[in-house]
Structures are given as C-alpha cells and as structure tokens.
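Engineer: what follows is a protein structure lacking sequence information:
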Ligand SMILES: O=C(O)c1cc(C(=O)O)c2c(n1)C(=O)C(=O)c1cc(C(=O)O)[nH]c1-2
Ligand SMILES: [Ca+2]
C-alpha cells in the first residue's frame, strides 16, 4: 500500500477527521499539534514542547512566510494538525497552508460585503477557526457560521446566526467546538444589540441551543429562568430592550470536561451609560460577567459579575484560562481572568464563587473588591454629568490579546496597556438618533457617552506582565513603546513569545523576562503565536497584520505590509519578505473652507469619521489613512469619496443619506482647519 502523500487531500482528510474531543484532550498532554483556539480546552496557550528553549532560541530563523493578501487587522491564532495550518485574515477569509512547504492548499472567502465594514466597532477582523472531524468552522464578519471541508475548502453548510438584521451584529471571534457542537457568540454592543451565544451541530449545522446574555422585553415571556432572574436587576423605565441591552460574548470561551461546564465572557452594556439603560441603577445581569453554561443544553449554571452596572465599556470578554492553583494550601479549580476593568480575578470554577481580585494596572474607578466580590467604586466612577478620565479606558487594561499560563513558572503572561480616554454621559441620547459629537453615532453607535470632550491626562503605554496569580502580583514586566501588543504563548522550553505593536516578534525567558531573541515582522503584531511539531520538529508560527480597534487610526511602525504568516524553526534561513514603507504625507494644505464651519464640522467628524481616520494631523494613520496627511486633491474631492466612493471596495461606508453635501463642506473645514491650527509656525 502506498503511503499517503503529506499535504494531499487524502492526508488532510485523514488527519483532520481524527480531531474530536478525545483528540483535543490527549493532545493537551504533550501538545504536538495546536488543534483549538487556546491550544487546549482550558485555553492555557502553554505548549509542552521544549525542542526550542532558552538555550537555542537565539538560532530561531524564518522557514517561510505566507502572504495573506490583506491590508486590515489580522487577529487569528493559526490552528495546526500534522503540518496542516488553518488561519484567517481580515474579512474572515480562511487560508489552509501546508507547513511543510509554506504553500497555499486552499483559501475561502465568505464574501462579506465590504461596504458593511462599519457595522462592527473595531476593524474587520477575525480571530480564527475551529476544527472538528474533518471540518473547518469560520464565523464571518457579517454573522454567518460556515462549515468547510478541511481537505478542499468547499462549503459543507452555512447558518445565519443573526436573530434580527435590523440590529448591527457582527462576528469577530473564533468558534469553539464542545462535544460535537460549534459554539459562537457575536459583537455589536457599541451599536445596541442583545447578546447571545448559539450552539450548532458540527455535522449538520442544526441549531441545538441558544442562551441570551441579557433579558429581553419583560412584557413578553422570558426564554428561561436565568432571564427572569436577570430582569430584576434592570430598571424597566430604561426600556433597555429597545437598544438591546448589550452583553455580547464576542471572544472568550473555555471548557472544563470534568465539570461539564462551558464558560463564556460577556460584554458591555448597550448603550454604555447605565443611566440610559437602567435609570434607577442595578447590576444589569449578565453584563461584564463570566457565565458557566451546561454545554449540552445551553442552560445557565452560575455567573460571577466582574463589573456590576457597567458604565464604561468594561467587557469581560477578554480571554480566560482554567487552572488548578494551590491557594492557602488548598488545591482549587479556578478561572483566571484579567478583563478590561484592570483587575486580575481568581474565581472558583466549580461554583462561580469569588476568590480574589487585584488590580494589575493603575485604576481609578474602584479601589478594590470586597470579600463578596463586589467592586468598591470611587467617587468619580459614576459622576458622568462632567467629563472625567476613567482608568482603565474603554480600550481596556487588557483587550482580546490572549494571555498564556505556564504551570512550571506559575506565571500568567499578559499584554497590558493604557489608552487614555475621558467620558461623559450624553443626556440627550436617543436610540439611533442623529447626535453630532457623539462618537460614530451617525454610523450606528449608541454609546450615550461623549469621549475626550476634555483631554485625558494619563499617558498611553503598552507592557508585557508576568503575573503570579497565587500572590496576585507581577513577577516581571517589559515596557513596550506603544499600547496594543500581541497575545502571548508560553512553552516548556521556559519561553514566552510575543509580537509587538512596533513590528517585532520576541522571545523572553519565562522565569526572568530576559529577552533572548527577536526578529522584525515588518508590520505591527496583534495576534498570538502558536507552536507545534511537524515530522518531529518544533515550529513557531505567527500571523501578523496591524489593526483592531486601536490599529485603525494609530500605528507604531513605519512599515506597512500585507497580512503575513511567519513560520520559524531553529536553523531557519528563509529571506524575509519585502515590505512597502509607510509614508506619512505632508500636512494637508490649501483646501478652501469657511472657518465658521469648523465647530459643526468637528461634531460631524466625531459622529462619522474619527474612530477610523483618527484626529487629522494628530494621529498618524493606522490601517486606515489619516485625512490630515492626504494630498489636498483628496480633501477637495471629499464628496466623491464619501458618496458611493471607490474606497467602498475596501470597507468605507457609503454616506448617502447619512451626510449632506453641506455636511461634507463642514467636515472639510474641520480637516483643513485642524491641519492649519497644528502646523508649526515659520
Ligand atoms: O461590545 C461589543 O460587542 C464589542 C465587540 C468587539 C468585536 O467584536 O471585535 C470589540 C468590542 N466590543 C470592544 O469593546 C473592543 O474594545 C474591541 C477591540 C476589538 C478588536 O478586535 O481590536 N474588538 C472589540
Ligand atoms: Ca464593546
């Protein structure tokens, strides 16, 4: 009998068909493959491989690079089984790559309508696929769950996961497969949606269950007991159901097979301002919580709410890790979680009981947590009638960038940051109303909150923190040049790998934080690396591509490049691909405008343009250009870009019906006026 050629359809079919629950569990013991998003069900991102270690990591070299042909953010963790890699680029495009050759096996574009890019808050990103019994599952930005044949990339089934397309739902997260069910949530809580997670049969796509994260209209029957219980924590005077309430589960999940519990992290409130959703206050369950569900039925089992009555976009969707820690001499099954709100939580994962919380950055909204697990809020937390800086900001002390846990060092390696913002409630908010000056409100956002009406006073930072979860303190830290650095991987070779915003891929000694190796990546890195064996040899891969919410308008590299997968091994000698240098133009000059239009133009710019294009001439442009540095011809012709313009093919919305030609004149006045105001005087 002829041996199957590696990389052939027969080989791929054979090796991917073996991927099921038993496979994921047995793989976790020695981690030769990387079969699921966080490597194992506990989402530790801790590889047991040690061929690459502190001794030889300096000899790590490029084996191949692969062009993802994307220009927007790349957030995916590549999955690899016997040398077959599955990774996604922006716009939810899936690539199957043969690690042995670095060549494409197939690619699949779910054809997300590009002009609908504005329907998600935070770039047209995707965090990766799930793999199960010969199928690859991808959730498309526009809310479909697609099952592909792992060998051919042909579609096997597709389901629309969105309950109501009047609302702005999107999906950026990676699906997880638990006991033959594909689990997927969604995003949209900046727009006003009601969050939920759904389970589909991996074979057929048949819907198995759905759990909503927040209650619906209380005049209608509740879906289940957990919703009836939650509704008691919302004030009906706020008619929260009209704007959805929020609570979107847009990233984190983990699974404990022994306890048979699926854990999900839930998001912020819609709108952000609690005074508008629930005027009389209330915790607003199950916003900003870790919730444990029965994966067979989708039934609620327990929750722990990290940010009661969220008011600040403090999502709890940041990646979590399940671990067994010895605390006060007792072995405890815990969830470790470090969400946006700046506290590191240890929660008993058998019952949801709070164990401890400690801030891992400076925070000013709470002084700590009491013994019942409730935050002790400070005076400024809810004084939202005036602008005040909330630390951490809505960008989060951590965002979706994954952390990893090394049981040998006992440390959690997490990307940490500060992106300063001031917030103030918009008293005149009305759902989907025209609200100049409220961020992206004309693009469908419903924050009921103004941002940076007064400039914040803290400074931005990015940091890698090695956190001791038992002592609840940092062991070592590395300062980066910018916020928004990549997720981490830790290995039995006593290593931590991380990509950076300023375009490097770095390896550190996991125990000490000493830098042992780095290589340039051309463009900024936001995704997390993976490592695995192919034919007995250890490889390390990372998908790079600057973007995500912070990367739209900001950058920390002078290079731009297509999204790229890099694969490294000891002794690798492949040449790095060429990158186009990013050229920041001159400050725009000479566009005719009426200075009297600037104030109105400012408000329009904030409600239509700012989150993607940044502040003209102040920000430097991320994966979307800064308009303050465009040639004047572009700004003179702004209406030709705004109304059914050529950039629609790259994701720019059509502003027909949203802006008038008169509005565009005023926006031009703001752009040129700002450039003139900041131009150094001769
Ligand atoms: O509330 C939501 O539904 C929602 C969704 C998403 C998303 O799906 O990407 C993000 C956020 N919120 C968010 O608050 C946030 O900071 C964020 C960053 C990113 C990213 O990919 O860079 N997505 C999201
Ligand atoms: Ca959010």
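Structural biologist: Sure thing, it's come through. As the structure is a computational prediction, the values presented were derived from the model and not from experiment. Ligands and ions are numbered 1, 2, ... in the order given.
Engineer: so how far is residue 528 from the closest residue in space to residue 492 that isn't next to it in sequence?
Structural biologist: Sequence neighbours aside, residue 50 is the residue nearest to residue 492 in space, at 4.2 Å (criterion: C-beta to C-beta, 6 or more residues apart in numbering). Yep, even glycine has a C-beta here, placed from its N, CA and C like the rest. Residue 50 sits 19 Å away from residue 528, going by C-beta to C-beta, to the nearest Å.
Engineer: of these two, which one has the most company?
Structural biologist: residue 528 (31 against 14; other C-beta atoms under 10 Å).
Engineer: would you mind measuring from residue 128 to ligand 2?
Structural biologist: 20 Å (C-beta to the ion, to the nearest Å).
Engineer: please read the previous query as pertaining to residue 186.
Structural biologist: Residue 186 is 12 Å from ligand 2, by C-beta to the ion.
Engineer: pLDDT of whichever strand or helix holds residue 424, averaged?
Structural biologist: For residue 424, the element it lies in under DSSP states H and E is strand 422-425. Taken as a whole, strand 422-425 has a mean pLDDT of 96.
Engineer: those residues of the protein touching ligand 2, which are they?
Structural biologist: 189, 268, 313 (C-beta under 5 Å from the ion).
Engineer: ok so, going back, what's the next secondary structure element after the strand holding residue 424?
Structural biologist: Taking DSSP H and E, what comes next after strand 422-425 is strand 449-451.
Engineer: that next one: partners in the sheet, and parallel or antiparallel?
Structural biologist: strand 422-425 (antiparallel) (DSSP bridges).
Engineer: returning to that earlier point: list the contacts of the residue nearest to residue 492.
Structural biologist: Contacts for residue 50 (C-beta atoms under 8 Å, 6 or more residues apart in numbering) come out as 491-494.
Engineer: got the residues of the chain next to ligand 2 as TSV, with distance to residue 63 columns?
Structural biologist: As requested, the residues of the chain next to ligand 2 are exported to TSV (distance: C-beta to C-beta, whole Å):
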residue	distance to residue 63
189	40
268	41
313	40
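Engineer: out of the residues you listed, who's the most crowded?
Structural biologist: Of those, with other C-beta under 10 Å as the count, residue 189 tops at 36 neighbours.
Engineer: pretty sure that one contacts residue 268?
Structural biologist: Yes. Residue 189 is within contact range of residue 268, at 5.1 Å (criterion: C-beta atoms under 8 Å).
Engineer: quickly list what's touching both of these two.
Structural biologist: 246-248, 313, 315.
Engineer: between these, which is closest to ligand 1?
Structural biologist: residue 248 (3.5 Å; C-beta to the nearest ligand atom).
Engineer: list phi and psi for that closest one.
Structural biologist: phi -60, psi 140 (degrees, to the nearest 10).
Engineer: among the contacts of residue 50, which are in strands?
Structural biologist: residue 491 (DSSP state E).
Engineer: let me have the contacts of residue 50 in a markdown table, extended by neighbour count and pLDDT.
Structural biologist: Formatted as a markdown table, the contacts of residue 50 follow (neighbours: other C-beta atoms under 10 Å; pLDDT from 0 to 100):
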| residue | neighbour count | pLDDT |
| --- | --- | --- |
| 491 | 29 | 98 |
| 492 | 19 | 98 |
| 493 | 21 | 98 |
| 494 | 20 | 98 |
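Engineer: of the contacts of residue 50, which is the nearest to ligand 1?
Structural biologist: Nearest to ligand 1 among those is residue 491, at 25.5 Å by C-beta to the nearest ligand atom.
Engineer: OK, contacts around the closest residue to the closest one other than its chain neighbours?
Structural biologist: Leaving out its chain neighbours, the residue that sits closest to residue 491 by C-beta to C-beta, 6+ apart is residue 47, at 4.4 Å. By C-beta under 8 Å, 6+ apart, residue 47 lies in contact with 31, 34, 39, 489-492, 531-532.
Engineer: got it, and residue 579?
Structural biologist: Here residue 579 is in contact with 522-523, 559-561 (criterion: C-beta under 8 Å, 6+ apart).
Engineer: mind running it again at 6 Å?
Structural biologist: 522, 559, 561 (C-beta atoms under 6 Å, 6 or more residues apart in numbering).
Engineer: distance of it from residue 536?
Structural biologist: 33 Å.
Engineer: what bridges to residue 530?
Structural biologist: residue 541.
Engineer: buried ones among the shared contacts of residue 189 and residue 268?
Structural biologist: Burial by neighbour count, 16 or more other C-beta atoms under 10 Å: within the shared contacts of residue 189 and residue 268 this picks out 246-248, 313, 315.
Engineer: read off the pLDDT value for residue 560.
Structural biologist: The model's pLDDT for residue 560 equals 77.
Engineer: quick check: it touching residue 582?
Structural biologist: Yes. At 4.4 Å, residue 560 counts as touching residue 582 under the criterion of C-beta atoms under 6 Å.
Engineer: between those two, which has more neighbouring residues?
Structural biologist: residue 560 (20 against 15).
Engineer: quick revisit: what subset of the contacts of residue 579 is buried?
Structural biologist: 522, 559, 561.
Engineer: same list, those residues, but as a markdown table with distance to ligand 1 and secondary structure please.
Structural biologist: Formatted as a markdown table, those follow (distance: C-beta to the nearest ligand atom, whole Å; DSSP: H, G, I helix; E, B strand; the rest coil):
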| residue | distance to ligand 1 | secondary structure |
| --- | --- | --- |
| 522 | 20 | coil |
| 559 | 20 | strand |
| 561 | 19 | coil |
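Engineer: of the residues you listed, which is the nearest to ligand 2?
Structural biologist: Ligand 2 lies nearest to residue 561 out of the buried ones among the contacts of residue 579, by C-beta to the ion, at 28.1 Å.
Engineer: so the closest one is in contact with residue 522, correct?
Structural biologist: Yes. Using C-beta under 6 Å as the test, residue 561 is close enough to residue 522 to be in contact (4.3 Å).
Engineer: many thanks, have a good one.
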